[in-house]
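In: Coordinates for the following, if possible.
(one chain, ligands or ions: 1)
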Amino acid sequence: LKLAHKKSEVRHIVADWQYNGDRIALVPTMGALHDGHISLIRQAHLHSDRVVVSVFVNPLQFGPGEDFDQYPRTLTRDVEICRKEGVALVFAPDQMEMYGNGGSGQDHFISLQISKMNEHLCGARRKGHFEGVLQVVSKLFNIVHADVAVFGQKDIQQYYIIHQLVEEYDFPVELIMGPTMRDADGLALSSRNEYLSADERKLAPMLFGGLQRLSDRVNDTMKSLKESGEFKTVLLDKSFISEEILRLEENNFNVDYLSVVSVPDLQPADVIEPGRLYVAAVAAWIGNTRLIDNIFLNG
Ligand code: PAF
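Out: Residues are numbered from 1 along each chain as shown. Below you'll find the model as predicted:
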């Protein structure tokens, strides 16, 4: 395993590999690697000859008062995990290397604006977050020059926004979505789970429980319609959503959103069309920790 802190080192190493015909996969991360990341690394191996993992806690995607300072930084451990997982290169730049000019990234003059896909879910709640993600991800694409990049389903809005970026700006990279990894009780793995107290941790799987119930109810409706030969668009029963929000709020969650949106445009769904794909997504606070999760729904 090679560890590089400079963009120029990465460019040289990857150019050499690609000259020899190797296909390169990139797994962008903010470190604090857990089994969710390991599963993305394993996906990356399936699609490439060499895997590059980037580790960079990107200040641009944290808003004022968010957990940038608190975010776990465990590079030595992350590198060991990458070594065990057969990663060829870890790219761990500091802020100065990544952004230059003081290193905060705040003083860049060009930023990508996201329109409709940013209006709901986390985009509506975390102003500037996805612009910050696009800033760093487009830099990583240009630095690493990978043939394929793997992002997790857990950050579903991030995935589809990056997908749109790749399409609209012709980044020569193929995107793969890695499935969400979960603890045995259903809680989606996240570096932020470390912030949970023991009591909060016990409650946290309720998020996925709510999504599953919602998905079962929508899927059951669609299935029984199909069985009766009716392939028709149905109104989404919003009372399912309100019930799940209520259940969470009664258990001391503070719900940012629980919504059903269509894929890939991420617009709120009022109806479910047969054959279309939707996602039910949730973001909620337990104490001081904000957790997100989502599940696909089939029309
Ligand atoms: O998903 C993440 O960990 C981050 O948003 C990413 C893609 C590494 C960009 O900083």
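In: Could you tell me which residues within the longest helix along the chain count as buried?
Out: Looking across the chain with DSSP state H, the single longest helix is helix 206-227. Neighbour-count burial for helix 206-227, counted by 16 or more other Cβ atoms under 10 Å, picks out M206, L207, F208, G210, L211, L214, S215, R217, V218, T221, M222, L225. For the C-beta atoms, the positions are set from N, CA and C on the backbone; glycine is no exception.
In: quick one: pLDDT of the fourth one?
Out: The one in question is G210. Predicted confidence (pLDDT) for G210: 97.
In: swap in S197?
Out: 97.
In: That one against N288, yeah?
Out: No - with contact defined as Cβ atoms under 8 Å, S197 does not count as touching N288 (9.6 Å).
In: distance between the worst-scoring helix or strand of the chain on mean pLDDT and the chain's centre?
Out: Ranking every helix and strand in the chain by mean pLDDT, DSSP states H and E puts strand 234-235 at the bottom, with a mean of 87. Centroid separation for strand 234-235 versus its chain: 29 Å, with Cα atoms, centre = their mean, to the nearest Å.
In: Can you name every helix or strand that that strand contacts?
Out: Counting contacts by 3 or more Cβ pairs under 8 Å, 6 or more residues apart in numbering; DSSP states H and E, strand 234-235 is packed against helix 206-227, strand 271-272.
In: What ranges does the protein have for its strands?
Out: Listed in chain order, the strands of the chain (DSSP state E) span 2-4, 24-29, 50-55, 89-91, 148-152, 174-178, 234-235, 253-262, 271-272, 277-286, 289-298.
In: Please tabulate the buried residues of helix 206-227 in JSON lines, including the columns distance to the ligand.
Out: What follows is the buried residues of helix 206-227, written out as JSON lines (distance: Cβ to the nearest ligand atom, whole Å):
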{"residue": "M206", "distance to the ligand": "23"}
{"residue": "L207", "distance to the ligand": "18"}
{"residue": "F208", "distance to the ligand": "19"}
{"residue": "G210", "distance to the ligand": "23"}
{"residue": "L211", "distance to the ligand": "19"}
{"residue": "L214", "distance to the ligand": "24"}
{"residue": "S215", "distance to the ligand": "23"}
{"residue": "R217", "distance to the ligand": "30"}
{"residue": "V218", "distance to the ligand": "27"}
{"residue": "T221", "distance to the ligand": "33"}
{"residue": "M222", "distance to the ligand": "31"}
{"residue": "L225", "distance to the ligand": "37"}
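In: Per-residue pLDDT of G299, please?
Out: The model reports G299 with a pLDDT of 82.
In: burial measure for it, as a count.
Out: G299: 19 surrounding residues under other Cβ atoms under 10 Å.
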